[in-house]
Structure formats: C-alpha cells, structure tokens
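**Student:** Here's a sequence, model it:
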Amino acid sequence: MPTFDSNLIAQWTKGRWLSAAPPYFCGVSIDSRSLDPGNLFVAIRGVRYDGHVFLQEAFKKGAAAAMVCRERLNGNESGPLLSVHDTAQALRDMATAYRRLIGLSVIAVTGSVGKTTVKEMVADVLASRLSTARTRGNWNNAIGLPLSLLNVDSSSRVGVFEVGTNHPGELALLCQVLLPDWGLVTTLAPVHLEFFKSMANIMEEKSSLLKSLPSGGTAILRSDDEWYDRLRAVAPRRVITVSMAGDADYQGISPNTWHGAAEVIEKASGERFCFQMPLPGRHQLGNALYAIAVARLHGLAWEDIRHSLEGYRSQPMRWECQSLNGITVVNDAYNANPVSMTVALRTFAELPVDGRKWLVLAGMLEMGAGETEAHENLGRMVAQGAWAGLIVVGELGSVIASAAVKAGMASDRVFRCRDHIVAAQRLGREAMPGDAVLLKASRGQRLEQVLTLWRQITVEKE
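**Tutor:** Here you go, the predicted model:
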C-alpha cells in the first residue's frame, strides 16, 4: 500500500488543511466500512449516499485524515480535514499526479465484451516476469479507476487497467487520469444503447482511448472486428492486430474440443504457440490473443505465457462453473448484451453433459429503443437450440419467452417467473443430476440470486 505525503496531496488537489495534518497516510478509501487504519478517507457525494455523513465513522475506524468538500461541512467535524472544492475531482487529480510520479507503464483495456477477462489475462501473464498492478475488481469508472491507481505500489513497473463507460464522454475523462501508453480495444457490441443510441457512437466513444495514446504508444486491435478500419484510423503509429479469422500479427486457431489445445501463429517470427485453453469457447481464445500479444511485445517467452494462461481462472459470475447436487451450473450472470448472449448460448450448447441443458435468462438492460427487438431476437435464437427448458425472470424475460414460443419452442418447456424465488423453485423441480444450467442476464437483474435461493431450497429439502 503506497504512502502519501500530506503536504504533497494538498498541492495535487489544490486543497487546504483545516487542522494539523498527519505527516503522511497510507492508501485511500471512499468507504468507511472497508477502510484500513491509516487511510485517507475521501468523502464522495453520490446519488444515494454522501460520504460526509460517515466522517466520524471513518475516524473511528482509524482513518488518518479525511478529504472533504468545503461546502458540505457544518462546523461540527473533528479530525484532520483536507478541504477541497470537489472531492471527486480532487480524487482524480491525486490519481493523475501519482501516476506521473511513479512513471508506470500503463496498459488500458476497453471494449463492449470481454474487457475484464482480457485485463485479468494480460495482468496474469505480465505478472509472471514483471511487477504488475491491475484494476481492483471492476473499478473501471470515474471513482474506481482513481482508487485503483492510488493503490498501486510505487515499485510496480507496469499497470493493466480496465476503463468502462456507459455515457458519452466518460472514457476521455478516464484517459486524462490514466495517461495510457497502450490501448487494447476488445469486441464492440450494442451495449448501453439507451445512452449511446447507435453503434457508431459506441465506436466513437471507445476510440477515445486510442486518441489519448502518445505518438509512441501501442494499440492492439481486432482486425476481424467490423469497426477495425475506423479504429485503426485514429490509432498511433504502432498498431498490433489480433484475429480469429484471417491474417493478423497474432492469429488464433480455435480448439476442436471443449477444453482442447488452441494454437496461435505469431506473424513476425512465424512461430506457432500451442496451449490448453483454460476456459471453453472460441471467444476465450480471442481474449487470450491480447494477453499473448502484450506478453510477446514485453519480451516474455512462450513457456511463461503458457504457464500463466493455462492457470487462468475466471472472475466471479463470468462463466463461473460449479456443481450443485450433481448438476453443473454455469453462472455467467455478471452482464449481458446481444453479442455476449449469443456467445454464451453457443458455448453452452457445446458443453458435454450426461443429462439435459436448462437456460435461466433475464433481461439485457440499457438497450434503448431496440430493447424489445433485441429480446425477441434472443427468444428466436433460444428456440433453435436443443434445450430441456427455458426459465425466464421479469418483464424482459417474458419477452424472450414469448418470442421463443412463437418461433417454435414447446410452450410447456417455457416457464415465466415473476421473481427469483419462483425461478429457483422451478429449477428445484425440473433440474436433475447430470443436467447443466446456464444463468445469463445483465448485472442489474441480479440473476445470481436464483442460484443462491436454489441452493437454500436444496439444503432445506435435505
């Protein structure tokens, strides 16, 4: 955990200490519940909570000092306080200054699909030979990214950070903080259309990362993405390509079996690299290509790359596999959009199981004017598969179900559930040992609760 000089922080934030400042503090936190003793507590005013309400709680937990908005004080506060005009902006200013101070080589990852997996794979591979920092969890927004930077140890040589956005202009703001040297853009897809309105606008937003790179920076792009040419046009001089379909600097050849050996061709050397895929699906090899490209450009040997990739483990609720009373459960409920839904269904269809396969689906959020059409398309796609049954939750889930039945899926194999508990009860009645279940929806649907409730029901029966 890095240590910060209090006077230097006041300079970075253009703040003023209202009382005697501690000589230094260790780490930064915005949450009094998880704060570590010695941290600087930053009081952020959000939509639902105002951090200034929790100042005294933070000091009770051992905060060394607190950064506050001068307009939010009532005069009754105690403890070392650093007064600034805007705590959120001051947090970003701190992170930007700290990033410059430690001279970190920064790799930024954005895109619509797969960015967390790519970020983790890249960081895992680099960490095998280099001191590597990374985004903490999914801290990829205007608050989370600065916190991730401010938790980087000054001894780190390289940092791998995920940058996310759901409104136009957000990515440019994050890049001003991050000052990336490398820009990785994963697959683009129709996500957050409620705010972006079109794929062209999504592409423009993601291109902000490439525009922020220095002239000596490096971009890694998918040459088989339909937006490649437009992204390439705004990238710096050095562009490295990856592809699952056609010529590229790093071309992947997908495995023929569920967990088969994948092959990658490195164009510059002509060498072929084979490794065992840690996760199923053609798309996961596409994600791994970014890690392979970054690693090779950092001088890592093939054996180091193989060891890291084959040992990779997925993040929670991202194709997270577990067993419940002999039933294989794939929890992929962290997020969803039309592209990731298609990929998940295709991959799940190929899963080797002794029994049947069940789908538990709910809505894809922030789809804008195309929301109904997107869910109807998903329902028609579901109807084409050999599923034991479809269990849906909520209003958008019902749209999926209606489209599936209309497209030919047997109505007695489609179950509309008003909430998570009803879906869990249905699973408890229908799924049998040897079967497999896929849970997939946008994060806001909290579909993982179905799994939690289903497990509770199972325990109660025992």
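**Student:** Do you know the pLDDT at the nearest residue to residue 328 once chain neighbours are set aside?
**Tutor:** By the measure of Cβ to Cβ, 6 or more residues apart in numbering, the closest residue to residue 328 outside its immediate chain neighbours is residue 436, 4.1 Å from it. All C-beta atoms are positioned from the backbone trio N, CA, C, and that covers glycine. Residue 436 carries a pLDDT value of 98.
**Student:** Go ahead and confirm residue 436 touches residue 331.
**Tutor:** No: checked against Cβ atoms under 8 Å, the pair residue 436 and residue 331 is beyond contact range at 11.8 Å.
**Student:** how close does the residue positioned nearest the centre of the chain get to residue 136?
**Tutor:** What sits nearest the mean C-alpha location of the chain, by Cα atoms, centre = their mean, is residue 116, with 3.6 Å. According to Cβ to Cβ, to the nearest Å, residue 116 stands 12 Å off from residue 136.
**Student:** So the residue nearest to the centre of the chain versus residue 91, what's the distance?
**Tutor:** 22 Å.
**Student:** quick one on the thing from earlier: for the residue nearest to residue 328, give me its contacts.
**Tutor:** By Cβ atoms under 8 Å, 6 or more residues apart in numbering, the contact list for residue 436 reads 327, 328, 329, 330, 348, 351, 353, 355, 356, 357, 358.
**Student:** So what does the residue nearest to the centre of the chain have for phi and psi?
**Tutor:** Torsion angles at residue 116 (phi, psi; degrees, to the nearest 10) stand at phi -70, psi -40.
**Student:** List the contacts of it.
**Tutor:** Contacts of residue 116 (Cβ under 8 Å, 6+ apart): 138, 162, 315, 318.
**Student:** State the number of residues packed around the third one.
**Tutor:** By that I understand residue 315. 14 (other Cβ atoms under 10 Å).
**Student:** For it, which three-state class applies?
**Tutor:** Under DSSP: H, G, I helix; E, B strand; the rest coil, residue 315 falls in the coil class.
**Student:** measure the nearest residue to it once chain neighbours are set aside to residue 409 for me?
**Tutor:** Using Cβ to Cβ, 6+ apart and skipping the chain neighbours, the partner closest in space to residue 315 is residue 116 (5.9 Å). Distance, residue 116 to residue 409, using Cβ to Cβ: 32 Å.
**Student:** Flag every buried residue along the one helix or strand residue 203 maps to.
**Tutor:** Of the helices and strands defined by DSSP states H and E, residue 203 is found in helix 199-212. For helix 199-212, a neighbour-count test (16 or more other Cβ atoms under 10 Å) marks 199, 202, 203, 204, 205, 206, 207, 208, 209, 210, 212 as buried.
**Student:** May I have the predicted confidence score for the fifth one?
**Tutor:** Reading off the confidence values, residue 205 has pLDDT 94.
**Student:** Verify the stated contact: it with residue 196.
**Tutor:** Yes: with contacts counted by Cβ under 8 Å, residue 205 reaches residue 196, the gap being 6.7 Å.
**Student:** Look up how far residue 352 lies from residue 163.
**Tutor:** 37 Å.
**Student:** my bad, should have said residue 289
**Tutor:** Counting by Cβ to Cβ, the gap from residue 289 to residue 352 is 25 Å.
**Student:** out of those two, which sits in the busier spot?
**Tutor:** residue 289 (26 against 10).
**Student:** pLDDT weak spots in the stretch 201-350 of the chain?
**Tutor:** Within the stretch 201-350 of the chain, the stretches with pLDDT under 70 are 255-259.
**Student:** can you list the weak-confidence ranges in the stretch 51-200 of the chain?
**Tutor:** Ranges of the stretch 51-200 of the chain meeting pLDDT under 70: 74-76.
**Student:** all strands in it, in order from the N-terminus.
**Tutor:** 65-69, 81-84, 105-110, 132-134, 158-162, 182-185 (DSSP state E, counting those that start in this stretch).
**Student:** now those strands in CSV, with distance to residue 126 and mean neighbour count?
**Tutor:** CSV is the format used below for the strands of the stretch 51-200 of the chain (distance: least, Cβ to Cβ, whole Å; neighbours: other Cβ atoms under 10 Å):
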stretch, distance to residue 126, mean neighbour count
strand 65-69, 32, 25
strand 81-84, 35, 23
strand 105-110, 8, 26
strand 132-134, 5, 23
strand 158-162, 6, 26
strand 182-185, 11, 28
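**Student:** As a markdown table, the ones you listed with distance to residue 223 would be great.
**Tutor:** As requested, the strands of the stretch 51-200 of the chain are exported to a markdown table (distance: least, Cβ to Cβ, whole Å):
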| stretch | distance to residue 223 |
| --- | --- |
| strand 65-69 | 45 |
| strand 81-84 | 45 |
| strand 105-110 | 17 |
| strand 132-134 | 26 |
| strand 158-162 | 22 |
| strand 182-185 | 11 |
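**Student:** Nearest to residue 40, out of those?
**Tutor:** Closest approach to residue 40 among the strands of the stretch 51-200 of the chain (Cβ to Cβ): strand 65-69, 5.4 Å.
**Student:** Distance from that closest one to the middle of the chain?
**Tutor:** 29 Å (Cα atoms, centre = their mean, to the nearest Å).
**Student:** Could you tell me which residues make contact with the closest residue to residue 217 other than its chain neighbours?
**Tutor:** Setting aside the residues directly before and after it, residue 217 is nearest to residue 236 in space (Cβ to Cβ, 6+ apart), at 4.6 Å. By Cβ under 8 Å, 6+ apart, residue 236 lies in contact with 210, 213, 214, 215, 216, 217, 218, 219.
**Student:** Just among these, which is most surrounded?
**Tutor:** Result: residue 210 is most packed of those (other Cβ under 10 Å), 24 neighbours.
**Student:** quick one: it and residue 169, what's the gap?
**Tutor:** Using Cβ to Cβ, we find residue 210 at a distance of 16 Å from residue 169.
**Student:** Repeat that for residue 399.
**Tutor:** Separation of residue 399 from residue 169 (Cβ to Cβ): 31 Å.
**Student:** Between the two, which has more neighbouring residues?
**Tutor:** residue 399 (20 against 9).
**Student:** which ones among the contacts of residue 436 are found in strands?
**Tutor:** Judged by DSSP state E, the subset of these located in strands is 327, 328, 329, 330, 357, 358.
**Student:** May I see these organised as CSV, with neighbour count and distance to residue 64 added?
**Tutor:** Shown next, in CSV, are the ones in strands among the contacts of residue 436 (neighbours: other Cβ atoms under 10 Å; distance: Cβ to Cβ, whole Å):
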residue, neighbour count, distance to residue 64
327, 20, 49
328, 21, 48
329, 22, 44
330, 21, 44
357, 20, 54
358, 25, 52
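**Student:** now those residues as a markdown table including distance to residue 32?
**Tutor:** Listed next are those as a markdown table, based on distance: Cβ to Cβ, whole Å:
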| residue | distance to residue 32 |
| --- | --- |
| 327 | 40 |
| 328 | 40 |
| 329 | 35 |
| 330 | 36 |
| 357 | 45 |
| 358 | 42 |
